[in-house]
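Peer 1: Here is my input, please return the structure:
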Amino acid sequence: MGMKYEFMIYVAIALVIVLPFIKLRKNQEFKKGVKVANSSFVAKSKTYKRMVFLYRFLVMMVLICLLASVFMTCILIARPYKNKTEITSFENRDIFLCMDISDSVDEVNLEMCESFRTVIDSLNGERIGISVFNGRTVTLVPLTTDYEYVLDQITLLEESIQLSIDVYNNYYMMPDDFTYSEYYFKYVGTLVDYGSSFIGDGLASCLFSFPDLNEDPDRARVIIFTTDNMLNGVPLVTIDEACDMCARHGVEVFALAPDFIEDERNFKAAIERTGGSYYRVDEFRSVEKMIEAIEETDTTIIETVENITLEHPELPFILLTMSLLLYYIAGKAVRL
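Peer 2: So this is what the prediction gives:
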């Protein structure tokens, strides 16, 4: 325990020493009552002795409470504090959810969104982000530790994907509560007129959304990838090239695909070259296995040490309040 203004301790000690002399000197002066002769017999009575004892006790209480009040006031002005060291540990890992947002992957994406909440619940300081792609890639959520915000965006994605599924199942007849803003939320600028489902571009763009990719090679990085591998158009980067880039930067890719995925053999081989794994949604416990594999990826624990100064005026304040209360009660009884 320390004091921010230590000199106030010396002021308090000086006042405690000086004040009793001032108080005692004032008490020696005759102020009230009537002087009478031959009162010595009164001093011998038990009642008088009891009242004198009570008076002296109350005067002493007044003096002690006054000194305590002055002392506690000085202590409060000195601002007592205590230094506290907090050690915070968190895992040194970044996770990106990268989703092919085309309508054919809606069912897979919806299941992935539901399972992604489990990933978020198990996080311990890791950064997490969301990237969506179709003809163009958009970073929906940059890497962040604001898990509540990520969950809000996941909810909006789920609502948009579910509405897309409902519209498709209803032969593209819009439901009564249809809203364009909700329906198009999942697309968020990914639509172009020269193609769709540019899988390699989407994965490569997500890869380079990791900040400090080259400056911090020890940081674990994971991409959760959903797609049906149905390419429509001419991409800038193929899925093989994108996976090779991920492997060179030490980024593991864990892919989840529907049962109708195209060119499954080559796609799986490309994904596994990154050090990650490939799963099909129709396989038993495929999503759960993928989440378990992600949680088992190598991470390093980083500890941060922070020195915190906490002020503690509680005890001096309580003692000051009690001293003032007793001073008032005793003073009232003595009629000072």
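Peer 1: In contact with residue 203, which residues?
Peer 2: By Cβ atoms under 8 Å, 6 or more residues apart in numbering, residue 203 lies in contact with 98, 223, 225, 237, 239, 242-243, 246, 253. C-beta: built from backbone N, CA, C; applies to glycine.
Peer 1: so which of the residues you listed is the most crowded?
Peer 2: Within the contacts of residue 203, most neighbours by other Cβ atoms under 10 Å means residue 225, with 29 neighbours.
Peer 1: list the helices and strands the longest helix anywhere in the chain packs on?
Peer 2: Longest helix in the chain, counting residues (DSSP state H): helix 46-78. If contacts are counted by 3 or more Cβ pairs under 8 Å, 6 or more residues apart in numbering; DSSP states H and E, helix 46-78 sits against helix 7-27, helix 314-334.
Peer 1: Tabulate these (a markdown table), appending mean neighbour count, mean pLDDT and distance to residue 306.
Peer 2: Formatted as a markdown table, those follow (neighbours: other Cβ atoms under 10 Å; pLDDT from 0 to 100; distance: least, Cβ to Cβ, whole Å):
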| stretch | mean neighbour count | mean pLDDT | distance to residue 306 |
| --- | --- | --- | --- |
| helix 7-27 | 13 | 71 | 28 |
| helix 314-334 | 15 | 83 | 23 |
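Peer 1: so which of those comes closest to residue 80?
Peer 2: When these are compared by Cβ to Cβ, helix 314-334 sits nearest residue 80, at 6.6 Å.
Peer 1: And the longest helix of the chain, how far out from the chain middle?
Peer 2: 50 Å (Cα atoms, centre = their mean, to the nearest Å).
Peer 1: Please spell out which residues along it are buried.
Peer 2: 58-59, 61-63, 65-75, 78 (16 or more other Cβ atoms under 10 Å).
Peer 1: want to throw the helices and strands packed on helix 46-78 into JSON lines with distance to residue 192?
Peer 2: Shown next, in JSON lines, are these (distance: least, Cβ to Cβ, whole Å):
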{"stretch": "helix 7-27", "distance to residue 192": "71"}
{"stretch": "helix 314-334", "distance to residue 192": "63"}
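Peer 1: Which of those helices sits closest to residue 278?
Peer 2: Closest to residue 278 of the helices and strands packed on helix 46-78 is helix 314-334 (Cβ to Cβ; 59.1 Å).
Peer 1: angle of that closest one against helix 46-78?
Peer 2: 150 degrees (axes from the mean of the first three to the mean of the last three Cα atoms, to 10 degrees).
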